[in-house]
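Student: below are the sequence and a predicted model; questions follow.
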Amino acid sequence: MNKEEQRENSAAQSIRWHFPSIHPEGRKFFVIAVILSAIISYFSWLWMAWPLGVLCFCVAAFFRDPIRSVPEGEGLIVSPADGMVCLIADVPPPPELAGADGLGDATLTRVSIFMSVFDVHINRAPIPGRIARIVYIPGAFLNADLDKASEKNERQHFMIETKEGVNIGLTQIAGLIARRIVPLTKVEDYVERGERIGLIRFGSRLDVYLPAGVTPQVALGQRCLAGETILGCIGSQEKPLTGRRL
């Protein structure tokens, strides 16, 4: 790559860094809002055009897909979601992920991250590995900030298995506003740390079941960034951290 191509590539990355693209799942909503706004403006119904213009901005913000600097290090577990840590508890794994070929039956540390409508809604893989299990469960739409939401609400479980055979569980939980869980991967896919694996439209919550022996490195009330914030580490971290954009 020559210097001119490098400059163009750097400029493109800089633009995308500061002005995130809209994820494909949100583009149809954005296009509909833009078309409605244009039609209403054409007929000079400006009192309606302004609210629709605001709606266009909100849709673009809801489905923004920013680049993230993903830390690289052996055994690192990164946050799969943007949002605030709302619960940290030692609990049994969900039945759909339990068992000898899953997360086991002993209690694990669960870190729950609440995503508001203002957070990025795209979820990312906390570790590199194979998608070993995806289980969707229909349910209610209670406040996702409540502890019982993990058992009552519409949800989707993921289990990722590392090349060392360590399993980690994730649960996407729909809430009062979020009414659609969208998977971006399928069983047997291999994902890298920080790779996009799914999204929940308009907010909600994501639970992470840390492997046995992993101590959470976040605290209640802490803000997390998907693909960047380190939740814990499998084993000891001895090598210096590096990073990559994804």
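Tutor: Received, thanks.
Student: quick check: residue 41 is in a helix.
Tutor: Yes. Checked against DSSP: H, G, I helix; E, B strand; the rest coil, residue 41 lies within a helix.
Student: and for it, the neighbour number?
Tutor: Using other Cβ atoms under 10 Å, residue 41 is surrounded by 15 other residues. For every residue, glycine as well, the C-beta is placed using N, CA and C.
Student: wait, isn't residue 152 in contact with residue 139?
Tutor: Yes. With contact defined as Cβ atoms under 8 Å, residue 152 and residue 139 form a contacting pair (5.8 Å).
Student: any idea how far residue 65 lies from residue 80?
Tutor: Going from residue 65 to residue 80 by Cβ to Cβ, to the nearest Å gives 15 Å.
Student: neighbour-wise, which of these two wins?
Tutor: residue 80 (29 against 18).
Student: residue contacts, the more buried one?
Tutor: When contacts are counted by Cβ atoms under 8 Å, 6 or more residues apart in numbering, residue 80 is found next to 113, 123, 124, 125, 126, 170, 197, 206, 208, 226, 227.
Student: which member of those is positioned nearest residue 160?
Tutor: residue 125 (6.4 Å; Cβ to Cβ).
Student: count the neighbours of that closest one for me.
Tutor: Using other Cβ under 10 Å, residue 125 has 28 other residues around it.
Student: my read: it touches residue 195, true?
Tutor: Yes. Here residue 125 lies in contact with residue 195, judged by Cβ under 8 Å, at a distance of 4.8 Å.
Student: check which helix or strand the residue nearest the centre of the chain maps to.
Tutor: For the chain, the residue nearest the mean C-alpha position is residue 123 (1.5 Å; Cα atoms, centre = their mean). Per DSSP states H and E, residue 123 falls inside strand 122-124.
Student: which other helices and strands contact that strand?
Tutor: In this structure, strand 122-124 makes packing contacts with strand 196-200, judged by 3 or more Cβ pairs under 8 Å, 6 or more residues apart in numbering; DSSP states H and E.
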